[in-house]
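Chemist: Fold the stuff below for me.
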Amino acid sequence: MLRSKLYLGIATALAILPAHGDPMEEVLVTGYHDTRTIDITSELVISPDVAQLLKKAPGANVNSNGPLTGIPQYRGMFGSRIATSLDGSQLAPSGPNWMDPPISYAVSGQLESLEVHRGIVPVSVAQESIGGAIDFKANHGSFTHSKDFELAGRMIGSAQSVNDGYHLNTALYVSNNQHRVKLAAVTESGNNAEFDGGTIKPTEYERQRYDVGYGFRTGNHTIQLDYGYNDTGDSGTPALPMDIEYIEGDLYNLDYNFKIDSEIEIDVSLYGSDLDHRMDNYHLRKAPPADRWRRNTASSDNLGLKLQTTLHDERGAWLFGVDGFGSEHDSDIDNPNNPMFFVKNFNSAEREVFGIFLERHQDFGKHWSGEFGIRYNRVEMDADEVDGTPAMMMPPAQKLRDAFNNADRDVNDNNVDLVAKAWYKASDTSSWYAGIAQKHRSPSYQERYLWLPLEATAGLADGHTYTGNINLDPEVSRQIEFGLDYSNNTLTISPRIFYSDVDDYIQGTPSELAPAVMFVHMMNEMNGTNMPDPLQFNNVDAEFYGFDVDWSWQLSDHWLMSGLVNYVRGKRDDINDNLYRIAPANATFRLNYAANNWNAGVESVIYAEQDDVSETNSEQESSGYGLVNLNAAWQATPQLQLAAGVDNLFDKKYQDHLGGYNRVANSDIDRGERLPGYGTNVFARVVYEF
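Modeler: Numbering: from 1, shown residues only. Next up is the predicted model:
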């Protein structure tokens, strides 16, 4: 159904676009969005998981289930509650356990910047952004000012000691004043990572990425077409019950921009992806008995559209538009040792969102400005019938299958989001900020359509099996935040305090489905295991509150201090319990020295203990820790930069609260123990540009 709506939207967009326009000078329009932009090209981060860059933004963190499987967390919310886009394009992961979260398709060698929308997200930015929004910007190359073509390029090579990992990236750009072409390739690989006490198995990884892009500009029209191919090979996810065998996929994106003088701007984006994924529990970790080998083959098919018009006037701007995004998921489990065994986990599980929004940016005078927005989303979900060998042999599984297949699985939600934000400029150096919003998120396909108790939970990694709930209501968050922005010649500081009350928060609760409980008990008896009773996704009430601060202090022409402080608390309102996998209070302090052609820095990262843990999710408490990191870079020539550093300088043995629990038979780490952080990591990077 969404595809027909998208095609109608495309036809409408093409019908209203002007056929020609006069050449014009580009105008830079500064918006009111409160964002933090991280220049990836200058950041010395060697990790293959670019999600780790989020730790440089206030309020942000990462739930890590493996070396390529970082799931963004922002102010306590994570996963699908955070809108993640690549150049404004969404994608839905192929894996039901988020071994390939959307952020994993952003490969550092192909990127230019990471934009984190701080706090309340404008309605024009994303369809569902109850927990925040982040966008990765790719480097497409630049148009020149001449008809003559110019060649430019960027080559990056890096290596690290903790896992003998390497990263190689090459990007070539050919452009003139009307055309630009990009060709790029990345390859990266690493072995199992080390820590003070042994090796974390399996944390090996390998990935290749290939990109080609073409841009065309004439007058005030610009078209950009991009294609990317992702090829991830054997990669470990020790916090999950399976590891990655492969993740392959095609990503497409077409953008059109049209500007009329400095008053009207039209943006159209069409995008899609076709992703395939296979995972198993036997080829990278110690294999279980042959009758318990499991292999999951999954896929997702995504298609999206966004049409936005911006009208500028003397007092601000109007933004209005429509957008749509649809995804279809399949997931089939088998045992290569037993051709008779199968589980149709998800069968054509569809989730489609079609939205319309209106947003106003307004200057009220010398001191006041504001942003106001309204968005309506229509969310449509459905899934086909399921089956599996357990349902043919075990009465509890049969009851679960039949109840699912006989249920009305076609569910629709109508959600309205509201945003109001205001800034008061108190002086040339300071301004005050306040924001209030209502945001919605409809359930994921896992939360609605998981019919058999399994751990296909979008990366929760709590060790519990879950079943879905077709009758879930959308989450509704009422948010409020206050802040101050202060900046003079030497000091910049931006604190924020926030509170979010969430009705119908989707959380696993002890299952009241007798067949689900009986099924888990029977599996424990058959396999000699002790899996806890299953949970079911249900609506509860929750709240989040806390504060975050980023700051910098220019001590002199050469010395700069900067840092972050983050605190968030997430808890249930309906019972006395905390929410699961919430980042502990943490702070980062950096001291940098910059000269004409070189710079160096020392960083201290401090995490408090986390004892506000979820009893429902059997969450373990964690201890606090502190790390020291060093880095330095030398611009040897205008084209050549050499950089090096050391993470965890003193080889501190620690456990990241967001790092998950070990699910692998590993002589160095007990099963069920929280995974340790990486040991001392010496790294180096070479960048050559021409």
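Chemist: roughly how far apart are the closest residue to His464 other than its chain neighbours and Gly213?
Modeler: Once flanking residues are discounted, His464 sits nearest to Leu535: 5.0 Å by Cβ to Cβ, 6 or more residues apart in numbering. Where C-beta positions appear, they are placed from N, C-alpha and C, glycine not excepted. Distance of Leu535 to Gly213, given as Cβ to Cβ, to the nearest Å: 44 Å.
Chemist: give me the number of residues near the residue nearest to His464?
Modeler: 23 (other Cβ atoms under 10 Å).
Chemist: partners of it in the sheet?
Modeler: Tyr466, Pro510 (DSSP bridges).
Chemist: and if you look at Arg351?
Modeler: Ser327, Met381.
Chemist: what's the neighbour count on it?
Modeler: Arg351 - counted by other Cβ under 10 Å - has 24 other residues nearby.
Chemist: what's near enough to touch it?
Modeler: 92, 326-327, 329, 379-381, 442, 444-445 (Cβ atoms under 8 Å, 6 or more residues apart in numbering).
Chemist: how does it look with 6 Å?
Modeler: 327, 381, 445 (Cβ atoms under 6 Å, 6 or more residues apart in numbering).
Chemist: just Arg278 next, same as before
Modeler: Arg278 touches 245-246, 297, counting by Cβ under 6 Å, 6+ apart.
Chemist: Now render the contacts of Arg351 as JSON lines, adding distance to Leu591 and neighbour count.
Modeler: Below are the contacts of Arg351 laid out as JSON lines (distance: Cβ to Cβ, whole Å; neighbours: other Cβ atoms under 10 Å):
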{"residue": "Ser327", "distance to Leu591": "45", "neighbour count": "25"}
{"residue": "Met381", "distance to Leu591": "50", "neighbour count": "22"}
{"residue": "Tyr445", "distance to Leu591": "47", "neighbour count": "25"}
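Chemist: which of those residues lies closest to Asn230?
Modeler: Ser327 (16.5 Å; Cβ to Cβ).
Chemist: Against Met381, how distant is that closest one?
Modeler: Plainly put, Ser327 is 10 Å away from Met381 if you go by Cβ to Cβ.
Chemist: Quick check: the residue nearest to His464 touching Gln507?
Modeler: No. Contact status for Leu535 versus Gln507: not in contact, 8.5 Å apart, counting by Cβ atoms under 6 Å.
Chemist: Apart from its chain neighbours, what residue comes closest to Lys439?
Modeler: Ile130 (4.2 Å).
Chemist: would you list every one of the helices in this protein?
Modeler: 2-16, 389-393, 395-406, 445-449, 514-527 (DSSP state H).
Chemist: who's in contact with the residue nearest to Pro288 when sequence neighbours are not counted?
Modeler: In this structure, Pro288 finds its nearest non-sequential neighbour in Asn281, 6.5 Å apart by Cβ to Cβ, 6+ apart. Neighbour list for Asn281: 241-242, 294 [criterion: Cβ under 6 Å, 6+ apart].
Chemist: Can you flag the buried ones in those residues?
Modeler: Among those, those classed as buried by 16 or more other Cβ atoms under 10 Å are 241-242, 294.
Chemist: What lies in contact with stretch 232-248?
Modeler: 65-66, 68-69, 97, 99-100, 202-207, 231, 276-281, 284, 455, 461, 660, 662-664.
Chemist: With stretch 630-644 instead?
Modeler: 44, 597-602, 645-646, 649, 684-690.
Chemist: what do you get for stretch 646-663?
Modeler: Taking Cβ under 6 Å, 6+ apart as the rule, stretch 646-663 contacts 63-65, 196, 238-239, 241, 461, 583-584, 610, 622, 625, 627-630, 669, 671-677, 679-682.
Chemist: Can I get the buried part of those as one PyMOL selection?
Modeler: Applying 16+ other Cβ under 10 Å to the contacts of stretch 646-663, the buried members can be selected in PyMOL as follows:
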select buried, resi 63+64+65+238+239+241+461+583+584+610+622+625+627+629+669+674+675+676+677+679+680+681
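Chemist: Give me the subset of the contacts of stretch 646-663 lying in strands.
Modeler: 63-64, 625, 627-630, 681-682 (DSSP state E).
Chemist: from these, which is closest to Ala434?
Modeler: Nearest to Ala434 among those, with distances taken as Cβ to Cβ, is Asn63, at 29.9 Å.
Chemist: Could you measure from the closest residue to that closest one other than its chain neighbours over to Ile82?
Modeler: Once flanking residues are discounted, Asn63 sits nearest to Ile71: 4.3 Å by Cβ to Cβ, 6+ apart. Ile71 sits 9 Å away from Ile82, taking Cβ to Cβ as the criterion.
Chemist: repeat for His521
Modeler: Counting by Cβ to Cβ, the separation of His521 from Ile82 is 36 Å.
Chemist: Show me which of these two is the more surrounded one.
Modeler: Under the neighbour definition other Cβ under 10 Å, His521 and Ile82 were set side by side, and Ile82 has more, 29 against 14.
Chemist: residues contacting the more buried one?
Modeler: Taking Cβ under 6 Å, 6+ apart, one finds 72, 74, 131-132 in contact with Ile82.
Chemist: got CSV for the residues you listed, with pLDDT too?
Modeler: Shown next, in CSV, are the contacts of Ile82 (pLDDT from 0 to 100):
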residue, pLDDT
Pro72, 97
Tyr74, 97
Gly131, 97
Gly132, 96
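Chemist: Mind picking the two most distant members of those?
Modeler: Among the contacts of Ile82, Pro72 and Gly131 lie farthest apart (Cβ to Cβ), at 8.7 Å.
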